[in-house]
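1. using only what follows, build the 3D model:
(one chain, ligands or ions: 2)
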Amino acid sequence: MAKPRGNILFDSERCKGCGMCLAVCPEKILYLDENVSNSKGYHPAQISDYSRCTGCCSCALICPDVVITVERLAA
Ligand code: SF4
Ligand code: SF4
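-> Ligands and ions are numbered 1, 2, ... in the order given. Below you'll find the predicted structure:
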């Protein structure tokens, strides 16, 4: 298994489930967690496979609600 390059943190209460982060993730490892609803009633974004995250930050940059923080990990 590849070593993860990024650690993703979600401020899930801020997420509006717009899906923009899913669309831009080159690894297609983000999804909306339909088993969870935040206090606004949205299904928040989640990551399915940390090991495949490249730490590219595309998800954090596109998010209009500043939900995602990417910690870039040393190679
Ligand atoms: S940092 Fe890049 S690879 Fe990792 S979840 Fe976000 S968009 Fe995907
Ligand atoms: S994390 Fe941001 S871009 Fe992704 S679904 Fe939630 S609000 Fe939209």
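2. quick check: residues of this structure near ligand 2?
-> 15-21, 45, 62-63, 65, 67-68 (CB under 6 Å from any ligand atom). Using the backbone N, CA and C atoms, a C-beta is placed for each residue, glycine as well.
3. so of those, which ones are in strands?
-> If you go by DSSP state E, the residues of the chain next to ligand 2 have A45, I68 in strands.
4. and the residues of the chain next to ligand 2, which are buried?
-> C15, K16, G17, C18, M20, C21, A45, C63, V67, I68 (16 or more other CB atoms under 10 Å).
5. need those residues in JSON lines (columns: distance to T54 and pLDDT).
-> Listed next are these as JSON lines, based on distance: CB to CB, whole Å; pLDDT from 0 to 100:
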{"residue": "C15", "distance to T54": "21", "pLDDT": "98"}
{"residue": "K16", "distance to T54": "25", "pLDDT": "98"}
{"residue": "G17", "distance to T54": "23", "pLDDT": "98"}
{"residue": "C18", "distance to T54": "22", "pLDDT": "98"}
{"residue": "M20", "distance to T54": "18", "pLDDT": "98"}
{"residue": "C21", "distance to T54": "14", "pLDDT": "98"}
{"residue": "A45", "distance to T54": "17", "pLDDT": "98"}
{"residue": "C63", "distance to T54": "17", "pLDDT": "98"}
{"residue": "V67", "distance to T54": "19", "pLDDT": "98"}
{"residue": "I68", "distance to T54": "14", "pLDDT": "98"}
